[in-house]
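Student: sequence first, then the predicted structure, then my questions.
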Amino acid sequence: MSDFVTIDLSNYLTNKGITSESEMSLGELSIGGSSLPYLHFNFGSLFHIDSIPFIIYQKDGKDNMELNQQLIPVQNIEINKIHMLGVTNNGNFSEKAYFIENGKHLLQTTISFSDFLSPTPFYNEKLAFEFPYMHSRNGLINHYTPKIWMNTFSFDHVRADHLLFEENMFIHLFAITIEGNISNPTIK
């Protein structure tokens, strides 16, 4: 049986991608200022997609992390899978991420996400959320149905104490959950 640990991204949030109707002009998910409508989110609360636990955090008005060389601590655990909720904008993108243990790069992997406006996943992600419209600086846009994708990356029992991401302002991560063998799991 696998254990799950949700990663607290609250200290790494750099972008406002989810807005209420009263603040839709503040969206930052794309260069044009679009954002996802605040319909499904209870920030800081546990929810499940395909039996995988996630938490989307919000801090100082930010709710997602643009990849910008973040070094994120994780419990020193044996990782079998990493589940991520994310999107890209202005195209489909991949970027490098690294497993770090005791300051040394152990393994390099590639994370990939489809554009939040793509009707279908480019990288075979699963649909996590679909919205009936999107927000923009100019109001509601009803002819798009933006999405948040769930992608799972599998590994052969990698032990790490940090994840390091490359820089790519077009990739946005909303939540990360690690699945593996953990001596003191946060969530089962």
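Tutor: Nice, I can see it.
Student: when you work out contacts or count neighbours from here on, use the C-alpha atoms and nothing else.
Tutor: Noted.
Student: if I pick residue 20, what's in contact with it?
Tutor: For residue 20, the contacting residues are 37-38, by Cα atoms under 8 Å, 6 or more residues apart in numbering.
Student: let's see it at 10 Å
Tutor: With contact set as Cα atoms under 10 Å, 6 or more residues apart in numbering, residue 20 has these partners: 26-27, 35-39, 135.
Student: kindly report the same for residue 23.
Tutor: With contacts taken as Cα under 10 Å, 6+ apart, residue 23 has the following neighbours: 35, 37, 135-137, 139.
Student: what of residue 84?
Tutor: Residue 84 sits next to 6, 54, 111-113, 125, 149-153, 173-178 when contact means Cα under 10 Å, 6+ apart.
Student: helix or strand for it, just tell me which one.
Tutor: Remark: residue 84 resides in strand 71-88, with elements defined by DSSP states H and E.
Student: so how far is that strand off the chain centroid?
Tutor: 10 Å (Cα atoms, centre = their mean, to the nearest Å).
Student: give me the distance between the residue of the chain most remote from its centre and residue 23.
Tutor: Relative to the centre of the chain, the most outlying C-alpha is that of residue 138, 26.0 Å out, by Cα atoms, centre = their mean. Between residue 138 and residue 23 the distance is 11 Å, computed by Cα to Cα, to the nearest Å.
Student: helix/strand/coil for residue 24?
Tutor: Assigned state for residue 24: helix (three-state reduction, DSSP: H, G, I helix; E, B strand; the rest coil).
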